[in-house]
Every structure is written in C-alpha cells, then in structure tokens.
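Enquirer: Fold the stuff below for me.
(chains A and B)
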Amino acid sequence: MREIMDQWHFVWAAYAIGILGTLAMVIWSWLSMVRAEARRERIRRK
Amino acid sequence: MHGFANPKRFLALARWLTPLCLGSGLLICTAALAWGLFEVPPDRLMGQTVRILFLHVPFAWLGMAGWSTLALSSLAYLVWRHPLAGLAARAAAGPGAVFTALCLITGSIWGRPTWGTWWVWDGRLTSMLVLFFLYCAYIALAGAAEREGISPRIPAIFGLVGAVNLPIINRSVVWWNSLHQPPSITMGKSAIDPVFLVPLLVSTLGFTLIFVGVVLARMRALLADMQAEARLRRKAMEAA
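Expert: Residues are numbered from 1 along each chain as shown, chains lettered A, B, ... in the order given. I've put the predicted structure just below:
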C-alpha cells in the first residue's frame, strides 16, 4: 500500500527545528558572553 | 596569526566582529530561507522536500567545519601554546555539535518522504553520528580538564585524533554503497541546477557567518571567565 504524505509537513518541521535550534544557540551564546563580561568588569572594579 | 593570539588585540577585533557576523548572518539566512521556501520551484525528483536542503547542507558543512576549526586550533595550541587557540577549540565545539545535531535531524526529516525511512546505518549517516558523539566527548573532556585541573593538552590531542573522522565522512559515499547521493559539489564543478545552487550558497554563507559570530561570542565568554578567575585568585593570594 502506498503511503500518502504531504511533503510540506516535512518541510515546515525541518525549518521549525533548524531555525529554532539556530536562534536558541545564538541567543544563549550572546547572553552567556554578556554575563561573563559583566562579571569580569564587576570583579575588576571591586 | 600570532598577532591575534594577544587577548587585547583579539578583543579589540572581536568586539565589532561578533555583532557584525551575527547580524549579517541572521539577515542573509532569513533572505535565503525565504527564497528557498517561497521562490524556488519544486525539484523534478524530490518535489517540495528539496527546500530542506537549504538548511541540511549548510548544517552538514558547519558540522565538519566546526571540527576542522577545533582540530586546527588544537594543533596551534599544542605547537605554539597560545591560550587563545585552546579557547578557540573549546568555543567551536558547542556550535559544531549543535549544527551536527541539526544536520542529522533535518536529514532524517528529509529522508522519510524521499527514501521512505527516517534512518539507515550507512556510511555517511553513521560517520556523521560518530562526529556528533565526538563533539559530546570533547565537550565533556574539556569541561573535566578545566574542573579537575587536568592538562588542557589532553582535549587538544583528542581534537586532533578526532579529525580522522572528517575524510571518512567526506569519502563515505564513494567508498561504500549508500542511499545518500554522491558529492554534488566538487572542486569547481556542480551537478546542481543554478536555480537551487544560488540560494544554497547564500544560505551556506549566512549560516557560516552565524557560526563565526557564535564562536567569537563563546571565545569572549571563555576569556572573560578565565580573566575573572585569575583576578579572584590574585586577590585571594594578596589577602592571605
């Protein structure tokens, strides 16, 4: 029996995972950089 | 290269390069993915699923480029003992692992309607999965080296040894029978129609800029942590 699949469902799933994964990585790396540099400055000023 | 091993010079460059790479990368990716989703026609054989390749191919390239960066930085660390080279290797591991995982997931989603299966244990897929495990092992090893005070040369040697997997991934579709198609882009030649090739190259450029931006941000975070810890140690010694 031949399966009927809407290819667009697979396209949307791949785009959602790819874009969300990339954005999460960018936001996490940016925030961890800002936090680490702020901590260094705090310690330097003490 | 040696000039940028100086943390001050590196920071002066990275301060403006990090937001530039991330911002331009995100803009280019948005344009390339919108192009791939709404402008590119469906492929004669793959149909609509060809659009997944505008994500999957850059992820695969960056998974491998990530380990190449890690291995070259590890080599620079072992040869010249530049602390920044060690930081660059550690900084490349995270984004490399994320892009490899995204490559495996998007490839699996592409494989289900195209091959009729989510996964096959063939050379290309298995060697890419091995690359993901190598990243996980490197991240664990580098973290343990920092926490337990083990020599940072051990993760650097691991980074170099792990590079053996890169030619295996590259040649896997040539050496073994595989469901995965043979290389479509080789030196100066492409089997891909320009209607697909141009957005693919633009998308690859965008994701590469994001990768560079994330590596620079991770390096800045690791460097700031290292400098903060050094200052705290110095203060504790002065107080004692």
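Enquirer: What ranges in the chain fall below the confidence cut-off?
Expert: You didn't pick a chain, so chain A it is. Across chain A, the stretches falling below the confidence threshold (pLDDT under 70) are A:1-4.
Enquirer: Not quite, go with chain B.
Expert: Counting by pLDDT under 70, chain B contains low-confidence ranges at B:1-4, B:185-188.
Enquirer: In it, what residue spans correspond to strands?
Expert: Using DSSP state E, the strands of chain B run over B:185-186, B:189-190.
Enquirer: ok, the closest residue to A:Arg39 other than its chain neighbours to A:Met33 distance?
Expert: Closest residue in space to A:Arg39, ignoring its immediate chain neighbours: B:Ala228 at 5.4 Å, by C-beta to C-beta, 6 or more residues apart in numbering or on different chains. Using the backbone N, CA and C atoms, a C-beta is placed for each residue, glycine as well. Distance of B:Ala228 to A:Met33, computed by C-beta to C-beta, to the nearest Å: 13 Å.
Enquirer: what's the answer for B:Ser151, then?
Expert: Using C-beta to C-beta, we find B:Ser151 at a distance of 26 Å from A:Met33.
Enquirer: So the two - more neighbours on which side?
Expert: More neighbours surround A:Met33 than the other of B:Ser151 and A:Met33, with 22 against 9 (other C-beta atoms under 10 Å in any protein chain shown).
Enquirer: In this structure that one contacts B:Val215, no?
Expert: No. Assessed by C-beta atoms under 8 Å, A:Met33 is found out of contact with B:Val215, at 11.1 Å.
Enquirer: Select the longest helix from chain B.
Expert: Counting by DSSP state H, the longest helix found in chain B is helix B:194-239.
Enquirer: what's the offset of that helix from the middle of its chain?
Expert: How far helix B:194-239 lies from its chain's middle: 12 Å, per C-alpha atoms, centre = their mean, to the nearest Å.
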